[in-house]
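Student: After the sequence you'll find the predicted model.
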Amino acid sequence: MFAPFMLAPMAEISHRALRELIEGFTGGGQIEYVTEMISAGALLGGGPVERWYLDAGPCPGRLVYPLTGPDPDRLERAAALLDRRDCLGIDLNMGCAAPAIRRTGAGAAWMGDMGRALSMVGRVRKAVRRRLSVKLRLGPPNRGQAGPRETPRAGPDGEPFEYLARFCRGLEAEGVQLITLHPRLAGEKFKRRARWEYVEALRRELGIPVAGNGDIGSAAELLRRAKEGRAMVGRAAVRQPWIFAEARRMADAERSGGPPARRSVNLEETALRFLELLARYQPPEFHLSRARRFFGFFCGNLKWGTSVNNLLNREESLQGIERAWRGYFSAHPEESRLYGGGGM
Ligand SMILES: Cc1cc2nc3c(=O)[nH]c(=O)nc-3n(C[C@H](O)[C@H](O)[C@H](O)COP(=O)(O)O)c2cc1C
């Protein structure tokens with residue numbers, strides 16, 4: 001048996017249309033979903049687009065709201081509001097490394113001030129009844145630059161893991177029930193690999209579950225990670241929205257002793273379905289940004305993916321994108337079916 005799979009929070013991506021698409025492949029699987037990040041300030045201010053961010057479909061009972069903000073008072077009040085909604089839980093974001101977020105003191109910036117972060121978490125804990133979790137990174141950018149031969153306990157400066165472990169023990173003591181670790185420092189980009197050895201080390205350190213996240217690129221890899229504990233997937237779930245379903249099928253095949261059925265996915269139809277869901281579940285002002293984000297990853301399944309993506313990016317409406325997408329497959333029908341689910 002394996003722990004539930006988790007979808008990672010991604011700006012302009014982890015909205016209802018993508019969740020519906022994934023759920024369509026899985027058909028009621030064990031996936032925990034998230035919305036796009038909810039800004040505490042925007043939520044309390046009641047902005048005109050907040051309701052789209054708050055949409056918990058298709059499975060509110062398996063949906064977590066990732067909450068971000070720099071101000072403890074607002075985070076506490078926003079968490080209390082979210083707690084009243086139908087959802088699985090609230091995730092305090094201490095992992096987002098986007099400079100625009102970090103500069104305000106939100107996201108990964110929280111990891112730079114342990115005392116303030118733990119006091120904020122304690123306040124939020126008292127304000128919510130639902131599951132409280134935290135997503136974080138190895139540490140803020142100035143906390144030790146880890147070298148390639150670094151091991152969890154003895155980095156070049158000996159420190160990153162000790163700090164992380166203390167930080168997370170503090171979170172656990174404040175009542176956090178789940179931690180997701182994306183094992184990179186806050187300043188690190190995707191070209192450096194996610195250091196899963198830190199996930200393993202943190203699991204040994206804590207009594208609460210620790211989910212790992214970073215660089216899972218295929219269903220086989222997801223299944224391997226999920227056997228060790230909870231596993232969260234970001235980019236690969238956009239490129240392969242069937243990744244969770246595929247991992248499930250592999251697990252079932254392992255259990256029954258048979259080989260996993262070789263499965264094909266219709267790429268053209270999958271993206272058309274996404275466009276339909278996008279039109280249904282997101283407001284018009286979000287359509288283009290969300291479609292472009294999706295195709296930026298999904299076109300990676302195609303032989304001429306970069307050119308196709310460039311073509312789609314020139315379109316100014318969902319209808320235009322749909323036409324260009326269909327046009328590509330009329331010229332290249334052989335590209336429509338992907339066998340074996342692909343990989344990153
Ligand atoms: C386009 C994009 C947007 C993201 N937005 C957020 C975000 O808003 N908050 C956050 O905590 N992480 C965000 N992330 C990071 C992911 O949640 C995840 O930690 C990271 O992509 C590593 O997982 P992966 O290798 O499976 O993609 C984003 C990642 C991508 C690619």
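Tutor: Now that the structure is in, tell me what you want to look at.
Student: Now the residue of the chain found nearest the ligand. Nearest residue, chain neighbours left out?
Tutor: Closest to the ligand within the chain is G234: 2.7 Å, counting by Cβ to the nearest ligand atom. In short, each C-beta sits where N, CA and C put it, glycine included. Using Cβ to Cβ, 6 or more residues apart in numbering and skipping the chain neighbours, the partner closest in space to G234 is A8 (3.4 Å).
Student: Quick check, that neighbour in contact with R230.
Tutor: No. In this structure A8 lies outside contact range of R230 using Cβ atoms under 8 Å: 11.8 Å.
Student: which parts of the stretch 1-150 of the chain sit against the ligand?
Tutor: 8-11, 13, 37, 93, 95-96, 135 (Cβ under 6 Å from any ligand atom).
Student: secondary structure element for the residue lying closest to G27 once chain neighbours are set aside?
Tutor: With Cβ to Cβ, 6+ apart as the criterion, G27 has its nearest non-adjacent residue at 7.5 Å, and that residue is A245. Element membership for A245 (DSSP states H and E) is helix 243-256.
Student: Quick one: mean pLDDT for that helix?
Tutor: In this model, helix 243-256 has a mean pLDDT of 92.
Student: Can you give me the buried ones in it?
Tutor: Of all the residues in helix 243-256, those buried under the rule 16 or more other Cβ atoms under 10 Å are 243-251.
Student: What residue, apart from its backbone neighbours, is nearest E32 spatially?
Tutor: In space, E32 is closest to M6, 4.5 Å off (Cβ to Cβ, 6+ apart).
Student: Doesn't the one you found lie inside a strand?
Tutor: Yes. Looking at M6 with DSSP: H, G, I helix; E, B strand; the rest coil, it is inside a strand.
Student: Tell me the confidence at it?
Tutor: 98.
Student: Is it bridged to anything, and to what?
Tutor: E32, M232 (DSSP bridges).
Student: tally of neighbours for it?
Tutor: Per other Cβ atoms under 10 Å, the neighbour tally for M6 reads 29.
Student: cool, and E162?
Tutor: Applying other Cβ under 10 Å, we find 14 residues neighbouring E162.
Student: about what we covered before: which of the residues of the stretch 1-150 of the chain next to the ligand fall in strands?
Tutor: Within those, residues falling in strands by DSSP state E are 93, 135.
Student: which ones among the residues of the stretch 1-150 of the chain next to the ligand are found in helices?
Tutor: Judged by DSSP state H, these include no members of helices.
Student: of the residues of the stretch 1-150 of the chain next to the ligand, buried ones?
Tutor: Listed as buried from those are 8-10, 13, 37, 93, 95-96, 135; burial here means 16+ other Cβ under 10 Å.
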